[in-house]
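K.L.:
okay, sequence plus prediction incoming.
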Amino acid sequence: MESEWYVGIWYKNIPDRTYVWVANRDNPVSNSSGVFKVEDRNLVLLDEGNNLVWSSNITKGDADKYNPVAQLLDSGNLVLREANSDVETDYYLWRSFDYPTDTLLPDMKLGWDLNTGFNRFLTSWKTRNDPSSGDFTFKLDYKGFPEIFLRNKQDIEYRSGPWNGLRFSGVPEMKPLDYMNFSFVTNQDEVYYSFYITNNNLFSRLIVTPTGTLERLTWIPDTKQWNPFWYAPKDQCDEIQRVRSVWSMNFKDCQAFCARNCSCTAFSNWDIRNGGIGCVIWIGDLIDLRQYTSDGGGQDLFIRLAASDLGPLERSQDFLLNEVVISGKKEYSGETNPDEIELPLFDFNTIVTATDNFADENKLGQGGFGSVYMGRLLEGEEIAVKRLSKNSGQGTEEFKNEVRLIARLQHRNLVRLVGCCVETDEKMLVYEYMENRSLDSVLFSEFLSHNLEKFNVDKAKSSLLNWQKRFNIICGIARGLLYLHQDSRFRIVHRDLKASNILLDGKMNPKISDFGMARIFSGDQIEANTKRVVGTYGYMSPEYAMDGNFSTKSDVFSFGVLVLEIVSGKKNRGFYHSNSELNLLGHAWRSWKEGKGLELIDPAVGDTYDEQEVLRCIQVGLLCVQERAENRPTMSTVVLMLNSETATMAQPKTPGFCLGRNTHETDSSTSKQDESCTVNQVTVTMLDAR
């Protein structure tokens, strides 16, 4: 903001200014007349009235015997040192590396000086344009076995897992690289984590974003972009808190302890070097685990089983109960299927009781293959029950597909499957209940005005979606989609991403739902073709709707439509510009070309929004809905563009499906290519703004 001025450090040779440190982040100067200098053996920032705004705060006793000078090192470290000392000395009176803001640079320490109790940690910016201290911190906890926690105030959002001698156990990506090394030091004087770059021409940084994600970025000179090397949290496993006990035992002692303790369910080594030392014990449920590939950086988990469990397992319930999963390596004899799933089964009477016999007042909505009801189990847990319509001949395969997929997927931005019910001719899926229901019910309240009393949705509810919540929803959907496309065990194309399939929890966190139409891509497969085009008009990409070709870029198109809908509060289908036949995509693109992008924003947002953030979202949305699939960005690039002010962004080309449609068409469609497909009536026009 022009009325707020700060002292900061940024990269010299990177075109888009990227800040790595801010001195007076919580106390800005009101104009550019401030002075930054060495005074009274301290670094100080003074305002135009010569009032102290910020100081390095070195005590007199420490500084009296020195004649200090300030120097900015090539590492990005601003230091205060003795004027006559060796420039290369490791001793400084003060250094900015000890007081990080939101960025960890190479050679910085994240952790504790045990002699003084001094703690170095990261704190996010408040927003992307406000460097004041935000809600998220990244701190090392050295009690027990050290690990690093990302917290939202006091709530744990992510944990690295303990250091296992080679890497943090929850970060298998921390493998030695040709250009980067990771270090963890623990002794009687200090406990800290740091990383080092072996190529002086390489720039890399670890940041905590204002939205609560950790990102490790590396600058790519050829593309002039920050490339995301790693990010977290990725899924629900990252959010689970510690539930295990740890003792310093050798392997045999640990095994013996688990064998004689009836509550012990599994154990593993803490430090995996030299054959393994230390002991980690699981008491009770096997949670706080993650499954990795054989070369993915995991470690062995030893599970205690009764002898009766080692024989062949009984199978039942057709396609549902033929699989069992434990998130970790299994160490026992006996044959099992590595792709097996464990899914709790509910009997029909339990579901009937929970939903009050599928009472109309508990009905949350209806989809193409059935209805969704709210329910409450006897223990008090609220659930959402998706009941497959008995008259739907198309729904069985979609039901099986959803069970197979979502039971294997875990991410904070994917809806969680609680269980299922398969009895006689009934097929039901049981999900966690989302207090704020679907995004469309909140975002498009005017479309539901005839149902306001039934859904308890007031038009004013859209005003609850302030810009910050909308932006968080956009980022959350992007992270969930990135997980499906890149970070899960499979590459998954959703094929039906739309506002009604985005559910909102009590804190308005988005969850992608409805995987009945999703497809798994294997190996290096990047696209597929189908004669059975399924999806929702207004969200389908041109190549999919017209030719049956789908890929991750088809989902990117749907995501772009969602972004523009969230910004504008308008549905793509059903929106028509008063002076033209343009739909929302065409109107957004024309407004962007004419420099009027901010006119798109939903009036319900009011004036409390970040203009640059809104424009960035509109540009991302338009890049995602470009007509040609090869021009659309990947979701990893989308996440980077949304979370970085400095990312280089191309100018969007013509979107697909710019013109409006016949309002009498139904929302969802299933069609054969050899039949007349309504979507082929849409003219894809090269639109050029005047």
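P.N.:
Perfect, I can see it now. For clarity, every value in this text was computed on a predicted model and none was experimentally measured.
K.L.:
in what helix or strand does residue 357 lie?
P.N.:
For residue 357, there is no host helix or strand (DSSP states H and E).
K.L.:
list the residues that contact it.
P.N.:
For residue 357, the contact set (Cβ atoms under 8 Å, 6 or more residues apart in numbering) is empty. In short, each C-beta sits where N, CA and C put it, glycine included.
K.L.:
ditto for residue 559
P.N.:
477-478, 481, 497, 624, 635, 638.
K.L.:
dump the residues you listed into TSV; add distance to residue 508 and secondary structure as well.
P.N.:
Shown next, in TSV, are the contacts of residue 559 (distance: Cβ to Cβ, whole Å; DSSP: H, G, I helix; E, B strand; the rest coil):
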residue	distance to residue 508	secondary structure
477	12	helix
478	15	helix
481	18	helix
497	18	coil
624	22	helix
635	21	helix
638	20	helix
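K.L.:
just these now: which is nearest residue 589?
P.N.:
residue 624 (11.9 Å; Cβ to Cβ).
K.L.:
confirm for me that that closest one is in contact with residue 563.
P.N.:
Yes. Contact criterion Cβ atoms under 8 Å: residue 624 and residue 563 qualify, at 6.8 Å.
K.L.:
tell me where this structure has helices.
P.N.:
Applying DSSP state H to the chain gives helices spanning 60-63, 251-260, 348-354, 395-406, 439-443, 452-455, 467-482, 542-547, 552-568, 584-593, 611-624, 635-643.
K.L.:
please identify which of the ones you listed is closest to residue 141.
P.N.:
helix 251-260 (22.8 Å).
K.L.:
per-residue pLDDT, the residue nearest to the spatial centre of the chain?
P.N.:
For the chain, the residue nearest the mean C-alpha position is residue 479 (3.7 Å; Cα atoms, centre = their mean). With respect to pLDDT, residue 479 scores 94.
K.L.:
what distance do you get for it to residue 7?
P.N.:
33 Å (Cβ to Cβ, to the nearest Å).
K.L.:
quick one: low-confidence ranges for the stretch 101-250 of the chain?
P.N.:
Within the stretch 101-250 of the chain, the stretches with pLDDT under 70 are 144-145, 172, 176, 235-249.
K.L.:
which elements pack onto the lengthiest strand in the chain?
P.N.:
Longest strand in the chain, counting residues (DSSP state E): strand 130-141. Strand 130-141 makes packing contacts with strand 110-113, strand 122-127, strand 147-152, strand 190-197, strand 204-208 when contacts are defined by 3 or more Cβ pairs under 8 Å, 6 or more residues apart in numbering; DSSP states H and E.
K.L.:
buried set for the second one?
P.N.:
The one in question is strand 122-127. Buried residues in strand 122-127, counted by 16 or more other Cβ atoms under 10 Å: 122-126.
K.L.:
thinking again about what came up before, buried set for the longest strand of the chain?
P.N.:
131-132, 134, 136-141.
K.L.:
show me what it pairs with in its sheet, parallel or antiparallel.
P.N.:
Paired with strand 130-141 in the same sheet, following DSSP bridges, are strand 122-127 (antiparallel), strand 147-152 (antiparallel).
K.L.:
what's the first one in contact with?
P.N.:
When contacts are defined by Cβ under 8 Å, 6+ apart, strand 122-127 is touched by residues 25, 100-104, 110, 131-139, 206-210, 212, 468, 610, 613.
K.L.:
likewise for the last one?
P.N.:
With contact meaning Cβ under 8 Å, 6+ apart, strand 147-152 is reached by 110, 135-141, 156-163, 168, 170, 193, 208, 212, 214, 232-233.
K.L.:
now the residues you listed: which count as buried?
P.N.:
Applying 16+ other Cβ under 10 Å to the contacts of strand 147-152, the neighbour count classes 110, 136-141, 157-163, 168, 170, 193, 208, 212, 214, 232-233 as buried.
K.L.:
could I get the buried residues of strand 122-127 as a markdown table with distance to residue 643?
P.N.:
What follows is the buried residues of strand 122-127, written out as a markdown table (distance: Cβ to Cβ, whole Å):
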| residue | distance to residue 643 |
| --- | --- |
| 122 | 15 |
| 123 | 17 |
| 124 | 11 |
| 125 | 11 |
| 126 | 15 |
